[in-house]
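Novice: Below is the sequence, then the predicted model.
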Amino acid sequence: MLKDASELPLQSSEEADVCILGGGAAGITLARQLNATKLRVLLVESGSFDPEPETQALASGDVVGHQYWALHTSRLRYFGGTTNHWTGWCRPLDPLDFEQRAWVEHSGWPISYSDLEPYYRAAQEVCELGPLDYAPNTWAKSIKQPLLDRDLNGFRSVTWQFSPPTRFGARYRKELVDSDNVTILLRANAVYLKLNGTTSRIDAVRAKTLNNNEIVLKARAYVLALGGLDNPRLLLASSDVAHAGLGNENDMVGRFFSDHPHTVLGALITDEPKEVTRAYGDLVNTEDKRPAAVRFTLALTEEMQRDRKLLGCCINLEPPQRTAFRASDARGVKSLMEQLDKRWARQTFELFARAEQAPTHDSRVYLSWRRDPFGLPRVALDWSIDEKTVASLKGSVELLAAAVGRAGLGRVYSYAHREEKLKQAWPELWGGHHHMGTTRMSHDPRHGVVDPDCRVHGVDNLYCAGSSVFTTTGYANPTLTIVALAARLAEHLKGRLA
Amino acid sequence: MNQPRRTILKLGLAVSVSTGAAAIGGVACRAKVHPDYVRVAQRLLSITPFPVQLLDLGQAYLRAQGSPSPAALAQQIFPGEAARQQALSASPVELRQKLRSLACQQYEAGALANVGGWLIANVEARFAAIVAASE
C-alpha cells in the first residue's frame, strides 16, 4: 500500500505493529522481510520516489571536524535512500572485525560473524550478488582471470562482489506497494519520538510534511533506519522526558562516528603484465550477472593485523589518476629492478587504501544550533581521526613495500615517507560517505546505544537499523552488513511481536 | 618520522639516525674502511653497464647519509673479512645475485631505507649510491 503524508487529513494518525523510519537499504530490507506476515508495517520515508530538492535540503548540516563532504550530498533523502547512488562494492566484514582485539580500544561486537552469517546469505540475494563465497580462487576461475601468484607476506588477495548496483527504491518499490501488510508513507519527516517516562516505551512518533501537515505514527515497535547521521539526531532531539536524549544516559548517542578513511598511500611499480593484474585494476564482469562484476584488492592478513597490532586495511591497485605521481619519478627504482632483479617494470599503480578507523570517542555527531524548517536541530559532524589510524596506514604501506620487494613483485613509493616539506599534505584522508558507529552495539549500556538485538538500551520498543549500530567498521563497504543486520532484526521482531 | 633523510625503517619502527653515520640494518656505526673496499666498489660497478637512471636515487641517499665514499658503502654491503673476500672473488653475475639475495633478506626483515619516499632495501640504496658517488 502507498500513502502520501502531504495528502492525509491534518493531524491524522497512522497505526501499525512496526513503524520503520527511513526507506533506505535497512528500512526497505526490514519491510520486505516483514512483508506477507501478520504484522502491519508502516515504512515512513521523508521523500518521494524521486528526488525533490526541498526534501534533500533537509539533509544539510555542519561539518566542524576533519574535512568531510557537504552533508546534504553525503546521503540521499528519497525512497531507496543512498542506494540511489551507491557504487555496489560488497563484501562481508571479516570474522576478526567482530572480535575484541586487545590492540583496538573499544573493539568487540557483542555478536560474532557466525551470528550474522545466515543473514549475510540473505543479504547476497537482496543486493543481487552471487553466493556468499568470497574465496579469490572461486572467482578467479569464474571470471577467467589469474590471481597474483606471489607470496605477499602479510597481504592476501580479497574478493569484492559488485551489486548491479541494486537501487533498492526502484527494485523493491512494486513489491512493497502491492503488499497487503506494508504501507509506504511518503513525504513524512519524523521529528520527535515521544517517550512514555513510566513505561520506558515510545508511545508515538510525530511527523511533519513540508506542506505543514503534522501526523502521529503509532506502533508497537519503532525502528530508526535513518542512517548514521540522522539516527543519533532524532534520538538526541527527542529530549523532553530523557533530557540528554533517548538512549543517551551514558552520553553515547552520536559518539564513535566512523567512516572508512580513504587515501592514496603511494605507488607501486611492478613487472606484472596487465593480463595478470586486470582483475585488480578494474571490475571484471561476470557471465551470469550474479554478481554483476568482481574485483580483487589486497588486504592485510588477520595474522599480520594481530602480529603488528594494525587496523584492517585494503589496498586497491588503481591506474594513476588521483595524484601527481609521474612515471619519471620511478626511473631509479625501475633501473634497480632491471639491474638487480632482471625484471622490467611494466605498470604503475596508485595504492588506494580504504581503511578501518580506530573507534574514537570524540569523533561524533551532535545537534547543531541551526534548525531545519520543522524546527529540528540540524546535524553537526565532528569527524575525528586519531593517530592510531594514521600510524596503522603508515605501517601498512611499509609492510607492503617489504612484501612486494621480497616477492620481486616491484617497489613501493610512499607519500607518508617522502620529504618533510612534501609530507605536510599527507595523509589526505577523505571519507566514503559511510556513516557508522553513532548508535553502536554493546552488551553494556555504558559502552553503546543498542543491545545485540539492536534495541536501544533502556527503551523497550525502540530499535536502530543501519550502519549506526556498527561497533567497529572493518574496511569493507557497509551496505551488505547493513542489509544483513536488517534481516536479522526482522527475525527478532517477528519473534517478539508474533 | 621526524628526520626522514636519516632514517632506516624497521617494519613500522622508524629509527632516526642522527649522527650522520652510515646505517646498517637499523644500527648506526662508524667503521674504519678497509682499503680493499675500493676494489669491491669498483667490482660492483662492473656488474652492469653504467645505469644512469640510478643517479638521482643514489644522490638522494648520499645526501641523506652525509656522502659516504663508495668504499664505505661497499663495506656496509659486505661487512667483514669473509664477505669482502667473497665479493672480490665473485664474478659479476655472482655479485649481482648476491646483491639480490641480500636485498631479499632485508625485505624479509623489513630493513628498508627511505630514499625520498621509495621504500627499498638498504643494499639497493647503497648500490645506487655507489653508482652516484662514482660518477
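Specialist: Perfect, I can see it now. Numbers count the residues shown, from 1 in each chain, chains lettered A, B, ... in the order given.
Novice: Would you tell me what the next helix or strand after the longest helix seen in chain B is?
Specialist: Ranked by residue count under DSSP state H, the longest helix found in chain B is helix B:92-109. Remark: after helix B:92-109, the chain's next helix or strand is strand B:111-115, criterion DSSP states H and E.
Novice: could you check the angle helix B:92-109 makes with that next one?
Specialist: Angle of strand B:111-115 versus helix B:92-109, following axes from the mean of the first three to the mean of the last three C-alpha atoms, to 10 degrees, is 100 degrees.
Novice: In strand B:111-115, which residues are buried?
Specialist: For strand B:111-115, the neighbour count (16 or more other C-beta atoms under 10 Å in any protein chain shown) marks B:111-115 as buried. C-beta here means a position set from N, CA and C on the backbone, and glycine is covered the same way.
Novice: Dump the residues you listed into TSV; add distance to chain A as well.
Specialist: Formatted as TSV, these follow (distance: C-beta to the nearest C-beta, whole Å):
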residue	distance to chain A
B:111	9
B:112	6
B:113	10
B:114	5
B:115	8
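Novice: Just give the closest residue to residue A:156, not the sequence neighbours.
Specialist: Ranked by C-beta to C-beta, 6 or more residues apart in numbering or on different chains and with sequence neighbours excluded, the top spatial neighbour of residue A:156 is residue A:301, at 5.2 Å.
Novice: Where does the prediction get shaky in the stretch 201-350 of chain A?
Specialist: Flagging of the stretch 201-350 of chain A using pLDDT under 70 yields the residue ranges A:322-324, A:327.
Novice: In it, which residue sits closest to chain B?
Specialist: Nearest residue of the stretch 201-350 of chain A to chain B, counting by C-beta to the nearest C-beta: residue A:332, 3.1 Å away.
Novice: looking at this, that residue is in a helix?
Specialist: Yes: assigned with DSSP: H, G, I helix; E, B strand; the rest coil, residue A:332 falls within a helix.
Novice: What sits closest to the residue of chain A most remote from its centre if chain neighbours are left out?
Specialist: In chain A, residue A:339 marks the outermost C-alpha relative to the chain mean, sitting 45.5 Å out by C-alpha atoms, centre = their mean. Closest residue to residue A:339 apart from its sequence neighbours, by C-beta to C-beta, 6+ apart: residue B:48 at 4.7 Å.
Novice: Would it be right to say that that neighbour lies in a helix?
Specialist: No: per three-state DSSP, residue B:48 lies outside any helix segment and is coil.
Novice: Quick one: residues contacting it.
Specialist: Counting by C-beta atoms under 8 Å, 6 or more residues apart in numbering or on different chains, residue B:48 makes contact with A:339, B:92, B:96.
Novice: roughly how far apart are it and residue B:127?
Specialist: When C-beta to C-beta, to the nearest Å is the yardstick, residue B:48 and residue B:127 sit 10 Å from each other.
Novice: Which residues are in contact with each of these two?
Specialist: Overlap of the contact sets of residue B:48 and residue B:127 (by C-beta under 8 Å, 6+ apart) consists of residue A:339.
Novice: hmm, back to that, for residue A:251, see how far away the residue nearest to residue A:339 is.
Specialist: 65 Å.
Novice: got any ranges where chain B has weak pLDDT?
Specialist: Residues of chain B meeting the criterion pLDDT under 70: B:1-31.
Novice: Up against chain A, what does it have?
Specialist: Within chain B, the positions near chain A by C-beta under 8 Å from any C-beta of the partner chain are B:1, B:4-5, B:7, B:9, B:11-12, B:47-48, B:51, B:53-58, B:96, B:99-100, B:103-104, B:107-108, B:110, B:112, B:114-121, B:124, B:127-128.
Novice: What subset of the residues you listed is buried?
Specialist: For the residues of chain B next to chain A, buried by 16+ other C-beta under 10 Å: B:1, B:4-5, B:7, B:9, B:11-12, B:47-48, B:51, B:53-58, B:96, B:99-100, B:103-104, B:107, B:110, B:112, B:114-121, B:124, B:127-128.
Novice: quick one on the thing from earlier: would you enumerate the residues in contact with the residue nearest to residue A:156?
Specialist: By C-beta under 8 Å, 6+ apart, residue A:301 lies in contact with A:154-156.
Novice: Reformat the residues you listed as CSV; add pLDDT.
Specialist: Output for the contacts of residue A:301, formatted as CSV (pLDDT from 0 to 100):
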residue, pLDDT
A:154, 93
A:155, 96
A:156, 96
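Novice: quick one: which of these is nearest to residue A:319?
Specialist: residue A:155 (19.9 Å; C-beta to C-beta).
Novice: which stretches of the stretch 351-498 of chain A form strands?
Specialist: Here the stretch 351-498 of chain A has its strands, by DSSP state E, counting those that start in this stretch, at A:364-371, A:377-382, A:410-414, A:462-464.
Novice: so which of these comes closest to chain B?
Specialist: Proximity to chain B (C-beta to the nearest C-beta) singles out strand A:410-414 among the strands of the stretch 351-498 of chain A, at 5.2 Å.
Novice: Tell me which strands the closest one pairs with, and in which orientation.
Specialist: strand A:262-270 (antiparallel), strand B:118-121 (antiparallel) (DSSP bridges).
Novice: contact partners of the last one?
Specialist: Contacts to strand B:118-121, defined as C-beta under 8 Å, 6+ apart, come from residues A:332-333, A:336, A:397-398, A:401-402, A:405, A:411-414, A:417, B:9, B:57, B:102-104, B:106-107, B:111-113.
Novice: Can you show me the CA trace of that strand as CSV?
Specialist: Only the C-alpha atoms of strand B:118-121 are listed here, as CSV (Å, rounded to 0.1, in the frame of the first residue of the first chain):
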residue,chain,number,x,y,z
TRP,B,118,60.8,5.0,-2.1
LEU,B,119,61.0,2.2,0.5
ILE,B,120,63.8,-0.1,-0.8
ALA,B,121,66.3,-2.5,0.7
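Novice: ok, back up a step: how many neighbours does the residue of the stretch 201-350 of chain A closest to chain B have?
Specialist: For residue A:332, the count of nearby residues is 29 (other C-beta atoms under 10 Å in any protein chain shown).
Novice: secondary structure element for the closest residue in space to residue A:409 that isn't next to it in sequence?
Specialist: Using C-beta to C-beta, 6+ apart and skipping the chain neighbours, the partner closest in space to residue A:409 is residue A:150 (5.1 Å). For residue A:150, there is no helix or strand it lies in under DSSP H and E.
Novice: picking up where we left off before, quick one: the residue farthest from the centre of chain A and residue B:52 touch, right?
Specialist: No: the criterion here is C-beta atoms under 8 Å, and residue A:339 misses it with residue B:52 at 11.4 Å.
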